[in-house]
Structures are given as C-alpha cells and as structure tokens.
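Visitor: my questions are about this predicted structure, shown below with the sequence.
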Amino acid sequence: MPEIVFKGKEYVYNHHLTVPYRPLVVDAGKGVGAPDLAGNLVIHGDNLHALKSLLPRYAGAVDLIFIDPPYNTGNEGWCYSDSVNSPIMKEWLSTNPVDGEDMLRHDKWLCMMWPRLVLLRELLSESGSIWITLDDNEIERARMICDEIFGDEAFVNCFIWRKVDSPNDNKVAVTPDHDYVLCYAKDKAQVRFSPMLAPGILDAYGQKTDDGRLYRDRLLKKNGKNSLRNDRPTMYFGLEDPDGNTVFPLHDNGEEARWAAGQKAIDAHRAAGTLIWKQRQKLGQPVWEPYTREFAPDLPTRPYPTIWADLPTMRQAKGMLRDMFASADVFDTPKPVELIERILALVANPGALILDSFAGSGTTAHAVLKANAKDGGSRRFILVEGEDYADTLTAERVRRAINGYAWEGTQRETLLEEKVTLTQFKKAAQWLAKVDAIERAEGFGASDATADLIGQNGGTAPRRKRFDKIETKIDDGVLRVEGVRRVSQRAEGLGGGFTYCTLGEPLDLEAMLSGERLPTRDALGAWLFHTATGGTLPPLPKDAPPHYLGEALDKHVWLVYQPELPWLKSPEAALTLSLAQSLHAWGLAHDAQRQRPPKGHLVFAPAKYLSNRQLKDCGVDYAPLPFALYRQG
C-alpha cells in the first residue's frame, strides 16, 4: 500500500507513546449532576494529552468518534504545539501560528493529526467508526493518512454535506457549497450501519388486501433493457396459465421476451401464493399475464445517500447558537445538530459511547442528548476542548441543552407559495393583487387608524396583527409570502448530566522516585492496569477487598499504594505472606463462584516480604513500584 510522506513524519510516528499520562481531575462545580467518570464528560485540555488520559478507562470502548479538526484553510491561525523532542519540530514552533503563507502548513497539519488519529484508533471499539469533517484543503491528505493508520480496507465512504444554502457574495466565479464527512471503520467486517427510514416507499404500494396489507403486482415479463430472449435464454420458458395453456413471455410487438425471474424464484412465488394471473387484451385477444405480488415492508427503508443536501446548513447552526446564547457572535463554524443526528441514526446504537476530541461549540453532546430524549437511549458522550471557551461555550451549551434556556427568535408562517411560470408571470398584476390582499388581511397597508386593529368577516370581530411584518420574495421561481414574528419563549431541557474535568499533572517517574509529586491511587491504578494488561479498568465488584484494582483476561490486578510518603516507607506498604495468602484465597472463591478456573494475580507494591517460592505458591507475580528505590531515604 502506498504511504504518505511528509516533513516531520519520522518524529511524530510514535509520538503518542511519549505523551505523558495525565489523570482526569473532576471540577464538580462546573458539571451537571453527581460527578461520574463513567458517564458523560466534558474535558478541558490539550486533546492529545486528553486522549492518552482516556486510554485506561476507554481503550477499545468507543463506538463512534466524530471530529471536526482545523480545516487548514490558511486563515484559521491554528498552532502546531505538540512537544516533540527534535530540532526540526522546535524550529517549526517558532513560526507559529500556521497561516496561508506557511509553505509547511500541510506538513504541520499532518504532524498534528497523526498521533491523535493513532490514539483515536486505540480508543475505537472493534465495531466502531470514525467520522471526520473536512473541506478541499486537506481531504485528499486525510484519505491518505487514514488509509495508512486504519488501513485502506477500513474506508467506508466519503459523504458530501451541503453547508451553504444562500448565495455567496464573493467576487469569484465559483465558491464551494459543501464539506466532506470522511468515514472509516475500525474493522469493516464488524461495523454495522442502519438504513434510512423512507416512508415514501409505501406510496408505490397502491393496493390493499382484505386484512389491510399494502401490496403491488409487478409484471413477470421483463421490459426495457436486456428484456429479449437472446439476452437471457435460460429465462425464456413456458408457464401454465389458469386455463391450462402454456404461456411464453412475448412483447406486444410479437418479439420473444424473457421472464424477470428464473424458474426457481417463480416456483417460490407459486408456493407462497404470490404468483398472480390477470387477463388483459393483447393484439385484440384476451390473454393471461403472470404477475408477482410484493407486499409493502413493515419498516420501509432505503440506503443512505452519500450526498446530504437535505440537512440544515451552517446558517441554521449559527441561528441555533444565537438563540441559545442570545448573542450574534458565538462561534464561527458550528455544525448543525442534525448532521450529528444523521450519523447517530446511521450507527443506530442506543447505548453507544461517542467521542469528540475537537468539541468546539459542543454540537456532538447536544445531538446525543436529543437522540436520547427522542428514543430513550443511554448514549454517552465525551467532549474534549483545549481552548479557553471549553467552560463558557462548550460546557455551557451542554448545560443549557440539559436544563433548558430562554430564547428570543423569529417564527415564520407561509401565507402564499406558488410556482411562477412564464404564463403566470404575464399576469403579474393579479399576483400583486393577491399579495396586497394578504397584507391587508393581516393588517398591513390599511389606514393609520386601523393599522393595529383589523376586522374579519366583513369588518366585525377585530383582532390584533399576528405578525410583525410580511415578507414577499421570489426564490428559485417560487413566489413566497411569509408572515414574520418575533417570539420569546423557553426551550425545554433535554435532561441528563455530565462531569466537567481538567487534566492533572503528568505521572512523572522522577517526581515519583523523589516523592516530590505522588499521583492519586485512582490515577496510578488506572494507568498501571492499562499498561500492564492492555485493557480498560473495569468497575469494582461489590465484594472487592482492599488493594484490588480489577480483573484482566488472565489475572487479578492489585495495587498496594497510598499517595503518602511516610506510609510508602512503612511496613504496611509491603506485600507480605499473609496479604498474598488472603488475596489468593479471595481469588479462588471469586473464580469458583463464577464457575471458572482460578486466575493468577499481579500485585504492584513498593516492597515484598516473602520469597519467590512463596509468591509462586500463592500464584502471585510481583511488580515493584519505584518507591522501593527510595525506601531507605
């Protein structure tokens, strides 16, 4: 498979391995509901570090990843800021921010994306998929980097989303109206997508059985292209009609045709009672024609198209943010909630875990909350945002979506909508008269004395104006008259909650050795479990004894640790024979209760007070913590 080559690739190829682990630190005052690291999360911090922090709990557990990374237009002013230890990368840092004049901006974008995509792949479940929005600036390079990281066989599709629905006033001949949504699977053989609901399909089934089932009858004779006997000779054969005669497929002009199905399929229709014979006139004679009866599906669906022109655009997305924040200047490039909802509908897992590591205005969380409110699902979201607005915009939008918010907006009601043809255009005076009548009926264009109060039914029962103004326009050949009113109301909350987190200090080996900075037990335990087993830290069983971390595929994992230097230097921090025997006994009982062979034990502790033979007798592998190196200090 071809590989993409870019400046700096050799420095970032394994950079994700050198990124320090930083534990999640809960800020209870900024979330909604009780803090829960297993629930919805909004994380403020560098997304490369945040992805590394998520590994111990979520490696291989994320069902859907949606990211909206920098498009690298040259006008965004984003910075390459990953601390890669190489002279070339440090030189690049001196030329930030990236702009349109930066001849290496594509290389920098690839260097920024590579380690993030590698970590995102580690977080993705085997049946998961990743969705990336981009435009023409980086789409072809994104295809190449994803082909290399995920494998070209993991490519699902590249969707086109219409992001603009109003004329662009740039003084150029061509402007793009679309973005791309690139989709890759972790394992294409395991990923599952749901088709699109299509109620309009039922319109094709115009008949109904006595018990109410919709159906349609389709002529068994093939028509159109490749419909002659010579095209498929094996599908030209005789069928016995209700009168006992043999009927062959013939076109109305007498040419030998063919059936649309083979003998085996026709026999199946006959056995199911869906081979229907109808008499019709052909060449002036009554003849029997065979039809196959098709019943309407209980759930009409069709495949999703790859061109999405039916979704709201960025203009509507900005309008939603204006309503939620009562401000015209909130976020430059929000994606509409409906775009993420479309992807959630495709994935169609009501219990999915969704990750967005370029969270921006928080659209992904809003879409997840809406989907749960709609179908009662238990989807969870994890948002990561590194900018300062992580609290004031990203998390604040989630709070408002959960709790509801007051808003002022514009409502429109269509009063007239007619397609204007050339013939109708010649009757312009009549159309203008219709528009004028609508305006007068709604209280506009009347005398000053009756501007606010007008009559209905011949001037009786006066009422107030329903609209603040009447707008008339012709758009794409359609005359549209709309009543426009400003409204103030409250949007109901969608319910739910989330935990707000920041990133703690990195787990630093030197700081741990000196005792200068000791991580919490939860932080150290999660990281040790993941690095030792490759798995994610499971919930503790109810009967878990002290020091127990969790259960891996082949062992029970234990951590003897407290973040207190005096305690770490005391005999209490050592693995003793009695402790080894007690955890061995607990493991035997625990595994027996689950009717399975006993597992071994991996124990992290600062020291041990027993021999290797005693460890073996208890089924224990001992892993010394670095605190053993300074116990005598």
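Guide: Received the coordinates, thanks.
Visitor: ends of stretch 17-37, how far apart?
Guide: 24 Å (Cα to Cα, to the nearest Å).
Visitor: give me the buried positions along that stretch.
Guide: By 16 or more other Cβ atoms under 10 Å, the buried positions in stretch 17-37 come out as Val19, Tyr21, Arg22, Pro23, Leu24, Val25, Val26, Lys30, Gly31, Val32, Leu37. C-beta: built from backbone N, CA, C; applies to glycine.
Visitor: now for those residues: which two are most distant?
Guide: Taking Cβ to Cβ as the measure, the buried residues of stretch 17-37 span a maximum distance of 29.6 Å, between Val19 and Val32.
Visitor: show me the buried residues of stretch 17-37 that map onto helices.
Guide: Residues of these located in helices (DSSP state H): none.
Visitor: so which of those residues is the closest to His44?
Guide: Of all those, Lys30 has the smallest distance to His44: 8.8 Å, by Cβ to Cβ.
Visitor: just the strands in the stretch 401-550 of the chain please.
Guide: In the stretch 401-550 of the chain, strands defined by DSSP state E, counting those that start in this stretch lie at 404-419, 453-456, 460-464, 469-475, 478-492, 499-503, 548-551, listed in chain order.
Visitor: mean pLDDT for those strands: which is lowest?
Guide: Among these, strand 453-456 has the lowest mean pLDDT, at a mean of 38.
Visitor: isn't His601 up against Trp558?
Guide: Yes: here His601 lies in contact with Trp558, judged by Cβ atoms under 8 Å, at a distance of 6.3 Å.
Visitor: anything in contact with each of the two?
Guide: Leu583 (Cβ atoms under 8 Å, 6 or more residues apart in numbering).
Visitor: among the two, which residue is more densely surrounded?
Guide: Ranked by neighbour count (other Cβ atoms under 10 Å), His601 and Trp558 place Trp558 first, with 26 against 21.
Visitor: give the contact list for that one.
Guide: When contacts are counted by Cβ under 8 Å, 6+ apart, Trp558 touches His547, Tyr548, Leu549, Leu583, His601, Leu602, Val603, Phe604, Ala605.
Visitor: the third one and Val484: what is the separation?
Guide: It stands for Leu549. For Leu549, the distance to Val484 (Cβ to Cβ, to the nearest Å) stands at 62 Å.
Visitor: more neighbours: the two, which one.
Guide: For Leu549 versus Val484, the count of surrounding residues by other Cβ under 10 Å is larger for Leu549: 26 against 13.
Visitor: pLDDT below threshold where in the protein?
Guide: 167-170, 409, 424-425, 445-464, 476, 627-633 (pLDDT under 70).
Visitor: any idea how it splits into domains?
Guide: For the chain, the structural domains run 9-195+304-407, 199-295, 408-489, 514-630, going by automatic domain parsing.
Visitor: closest to Gly496 out of the ones you listed?
Guide: Closest approach to Gly496 among the domains of the chain is made by domain 9-195+304-407 (5.1 Å; Cβ to Cβ).
Visitor: any idea how far apart the tips of the closest one sit?
Guide: End-to-end distance of domain 9-195+304-407: 48 Å, with Cα to Cα as the criterion.
Visitor: and what of stretch 207-214?
Guide: Terminal residues of stretch 207-214 are spaced 6 Å apart (Cα to Cα).
Visitor: can you confirm Lys370 is in a helix?
Guide: Yes: using DSSP: H, G, I helix; E, B strand; the rest coil, the assignment for Lys370 is a helix.
Visitor: ok, now how distant is it from Gln411?
Guide: For Lys370 relative to Gln411 (Cβ to Cβ), the value is 20 Å.
Visitor: ok, now Leu346?
Guide: 31 Å.
Visitor: which ones are touching the closest residue to Asp621 other than its chain neighbours?
Guide: What sits nearest to Asp621 in space, not counting adjacent residues and going by Cβ to Cβ, 6 or more residues apart in numbering, is Leu602, at 4.9 Å. By Cβ under 8 Å, 6+ apart, Leu602 lies in contact with Ala532, Thr533, Ala552, Lys555, His556, Val557, Trp558, Val620, Asp621, Ala623.
Visitor: most widely separated two among these?
Guide: Checked with Cβ to Cβ, the contacts of Leu602 reach their widest spread between Thr533 and Val620, with 15.6 Å between them.
Visitor: neighbour count: those two, which is higher?
Guide: Between Thr533 and Val620, counted using other Cβ under 10 Å, the more crowded position is Val620 (25 against 19).
Visitor: ok, His251 - contacts?
Guide: When contacts are counted by Cβ under 8 Å, 6+ apart, His251 touches Lys221, Asn223, Ser227, Ala257.
Visitor: hang on, the earlier thing: now for the strands of the stretch 401-550 of the chain, which one comes closest to Leu48?
Guide: strand 499-503 (10.5 Å).
Visitor: what helices and strands are in contact with the closest one?
Guide: Applying 3 or more Cβ pairs under 8 Å, 6 or more residues apart in numbering; DSSP states H and E, one finds that strand 499-503 contacts strand 24-26, strand 41-44, helix 47-58.
Visitor: partner strands of the second one and their direction?
Guide: If you go by DSSP bridges, strand 41-44 pairs up with strand 380-385 (parallel), strand 499-503 (parallel).
Visitor: then the first one?
Guide: For strand 24-26, sheet partners with direction are given as strand 499-503 (antiparallel), following DSSP bridges.
Visitor: tell me the angle the partner strand makes with helix 47-58.
Guide: With axes from the mean of the first three to the mean of the last three Cα atoms, to 10 degrees defining the directions, strand 499-503 sits at 120 degrees from helix 47-58.
Visitor: in strand 499-503, what counts as buried?
Guide: Across strand 499-503, burial judged by 16+ other Cβ under 10 Å covers Thr499, Tyr500, Cys501, Thr502, Leu503.
Visitor: likewise for stretch 135-149?
Guide: Using 16+ other Cβ under 10 Å as the test for burial, stretch 135-149 gives Asn137, Glu138, Ile139, Arg141, Ala142, Arg143, Met144, Ile145, Cys146, Asp147, Glu148, Ile149.
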